[in-house]
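> One predicted model, sequence on top.
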Number of protein chains: 2
Amino acid sequence: MTRAASGIERLSLNQITTKAWSLAEAVQGCADAGIPAIGLWRDKVAEAGGADRAAVLVRTAGLTVSSLCRGGFFTAPTGTAARTAALDDNRRAIEEAAVLGTGTLVLVCGGLPDGSRDLAAARGRVRDALAELAPFAGDHGVRLAVEPLHPMFCADRAVVSTLGQALDLAEEFPAGQVGVVVDSYHVWWDPELYRQIARAGERIAAYQLCDWTLPLPADALLGRGQVGDGVIDFRALDRAVSAAGYTGWVEVELFNQQVWDTPGEVTLRRLIERHLAHVAPPPG
Amino acid sequence: MTRAASGIERLSLNQITTKAWSLAEAVQGCADAGIPAIGLWRDKVAEAGGADRAAVLVRTAGLTVSSLCRGGFFTAPTGTAARTAALDDNRRAIEEAAVLGTGTLVLVCGGLPDGSRDLAAARGRVRDALAELAPFAGDHGVRLAVEPLHPMFCADRAVVSTLGQALDLAEEFPAGQVGVVVDSYHVWWDPELYRQIARAGERIAAYQLCDWTLPLPADALLGRGQVGDGVIDFRALDRAVSAAGYTGWVEVELFNQQVWDTPGEVTLRRLIERHLAHVAPPPG
């Protein structure tokens, strides 16, 4: 195990944050910086030669894989080839997660199919997909982590829009098979947030952080700020997630062109500084 | 009264949709097109010489004022000059609404004050502001219409983010004093939407339409599409709002640079076409 510096024992780098880095570079960067865990992306795992090779790279460096991003995108109409392909791809993602030694597969569930206005039907197909995948995930020791995405992504990326809705879905299945993601960027605005975090309890499978900064960028996907640069009260969020019983990894996931244009080492130093200032329990 | 053409008896032009037009031009445009009502904006009312003159203009053309936009922006910390100024301005807005003969003042409640991360406190101040303004509004025959804005505007424009939250606020006051706005753009994604519309009942003070189109524009404020251009199921929404007992105006409110660059007459023709195709009950 990489020995984490004090205060960052639970910090994990979600590797999209260092998008320019290969998996090997990101793993080395974490080891050098003393960050003990990494959240992997499937495209980077594939580039590194597949899950087996990636698992060796991570293990050799003494890191833990906090999660695999991502499955999901399974809202295509039932009976279509797109639907079958999505479910097959999700099974492969579950197998990869198992090989990588992470118990958490993050699901971005998918938006409305092209030309559709039937949100209720798309949401129903998310439920159906979970029903089909959950036992398979359980058999592999992997938990499906349903991520509610900010409602501005409802049409094109995820029809699961609130933590409450994600929990309604998850609770239809055993807690060991289906959990939820609490990502600060997606949920911070929700008037029901603290009630739903308390409700979530052991369903919290992943906890991801970045900040809401203004103005929104031209590409709405890329607006995620460094922790501390925006309006989110991370101390309050952390208290709530901890009170719900979560003791797992705290992943930092930044979709942000400026961050991506910054050398990875600099980004990792900033992650650590921000984590100590805004997230880690104050010493003493 | 302007005699509305068949199928558009409840259609109202929110005048931001024809932003390039003066109030007099918008009123004339509606009268010419057979649109029987108009939602006014305070800046346009001021440019037209104030509420008294604007009221005469509208009445002479035989139109009804469906609502006045807008009050709100009262989340500044208690005890500050900004807070006092905001409440004073809201009282003036209530008086203007009364003079204009509309019973509905739309409230965009305001975002987080600069530098604040205390969302709960800002939300508490919305409640306090309503408590201060509601009786004054009631005395003027005006209902405060709390508009939940899409969560992507939570930080900078409205800490009221869902219909359920707006109703929690409104229900603390008499129904004649505080209601809510159902605006398709802001609420379409909400998994609780249909339950909350049914709950809203007589609290629905205004009903506004535009569509959610992709991609989001560089300026997130300006992404509102013509009814029918996006992903919202207007028939389903309309059935729900009608089932809740709402029989009032259906305002079309488009923040959209392309629409603003289109001649007003063309925009109004398109509004009518879209209303007949996607909103008005099919004939027979």
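All right, it came through fine.
> residues contacting residue A:74?
A:83, A:86-87, A:90, A:109-110, A:125-126, A:129 (Cβ atoms under 8 Å, 6 or more residues apart in numbering or on different chains). From N, CA and C alone the C-beta is placed, and that goes for glycine too.
> at 10 Å what do you get?
A:82-87, A:89-90, A:107-110, A:122, A:125-126, A:128-130, A:132-133 (Cβ atoms under 10 Å, 6 or more residues apart in numbering or on different chains).
> Mean confidence (pLDDT) on the helix or strand hosting residue A:83, please.
Element membership of residue A:83 [criterion: DSSP states H and E] is helix A:81-100. For helix A:81-100, mean pLDDT is 98.
> in stretch A:187-201, what's buried?
A:187-194, A:196-197, A:200 (16 or more other Cβ atoms under 10 Å in any protein chain shown).
> where exactly do the strands run in chain A?
A:11-14, A:37-41, A:64-72, A:104-108, A:143-146, A:178-183, A:204-209, A:211-212, A:224-225, A:250-252 (DSSP state E).
> Please identify which of these is closest to residue B:51.
strand A:211-212 (37.6 Å; Cβ to Cβ).
> So what touches that closest one?
Residues outside strand A:211-212 that contact it (Cβ under 10 Å, 6+ apart): A:150, A:184-186, A:188-189, A:223-232, A:234, A:254, A:256, A:274, A:278, B:112, B:117, B:151-152, B:154-156.
> distance of the residue of the stretch 1-150 of chain A found nearest chain B from residue B:227?
Chain B sits closest to residue A:117 of the stretch 1-150 of chain A, with a gap of 4.3 Å, by Cβ to the nearest Cβ. The gap separating residue A:117 from residue B:227 is 12 Å, by Cβ to Cβ, to the nearest Å.
> wait, does the helix holding residue A:83 make contact with chain B?
No. Against chain B, helix A:81-100 shows no contacts by Cβ under 10 Å from any Cβ of the partner chain, the least distance being 17.9 Å.
> and that helix, what does it pack onto?
Contact here means 3 or more Cβ pairs under 10 Å, 6 or more residues apart in numbering or on different chains; DSSP states H and E; on that basis helix A:81-100 packs against strand A:37-41, helix A:42-47, helix A:51-60, strand A:64-72, strand A:104-108, helix A:119-139, strand A:143-146.
> Residue B:204 is nearest to which of the ones you listed?
Closest among the helices and strands packed on helix A:81-100, once you apply Cβ to Cβ, is helix A:119-139, at 20.5 Å.
> Could you find the closest non-adjacent residue to residue A:259?
Closest residue in space to residue A:259, ignoring its immediate chain neighbours: residue A:267 at 5.8 Å, by Cβ to Cβ, 6 or more residues apart in numbering or on different chains.
> try residue A:207
Excluding its sequence neighbours, the residue lying closest to residue A:207 (Cβ to Cβ, 6+ apart) is residue A:182, at 5.1 Å.
> check contacts around that neighbour.
So residue A:182 contacts A:145, A:147-148, A:163, A:166, A:193, A:196-197, A:200, A:203-209, A:237, A:240-241, A:244, A:246 (Cβ under 10 Å, 6+ apart).
> Next one: residue A:25 from residue A:275, what distance?
In terms of Cβ to Cβ, residue A:25 sits 21 Å off from residue A:275.
> which of these two has more neighbours?
With neighbours defined as other Cβ atoms under 10 Å in any protein chain shown, residue A:25 and residue A:275 compare such that residue A:275 has more, 21 against 14.
> so what's the more buried one up against?
Residue A:275 makes contact with A:7-8, A:10-11, A:35, A:209, A:227-228, A:234, A:250, A:252 under the criterion Cβ under 10 Å, 6+ apart.
> Check these one by one and keep those near chain B.
A:228, A:234.
> Settle this for me: residue A:269 is touching residue A:13, isn't it.
No. Applying Cβ atoms under 10 Å, one finds residue A:269 not in contact with residue A:13, separated by 11.8 Å.
> Who has more neighbours out of these two?
Set side by side, residue A:269 and residue A:13 show more neighbours around residue A:13, with 31 against 12, by other Cβ under 10 Å.
> What are the neighbouring residues in contact with that one?
By Cβ under 10 Å, 6+ apart, the residues touching residue A:13 are A:21, A:26-27, A:29-30, A:33, A:35-40, A:63, A:66, A:249, A:251-254, A:264, A:267-268, A:271-272.
> Kindly recompute the last result at 7 Å.
Contact analysis of residue A:13 by Cβ atoms under 7 Å, 6 or more residues apart in numbering or on different chains lists A:26, A:30, A:35, A:38-39, A:252, A:268, A:271.
> could you list every residue that touches the spatially most central residue of chain A?
By Cα atoms, centre = their mean, the mean C-alpha position of chain A lies nearest to residue A:106, the distance being 5.2 Å. By Cβ under 7 Å, 6+ apart, the contact set of residue A:106 is A:67-70, A:145, A:147, A:181, A:206.
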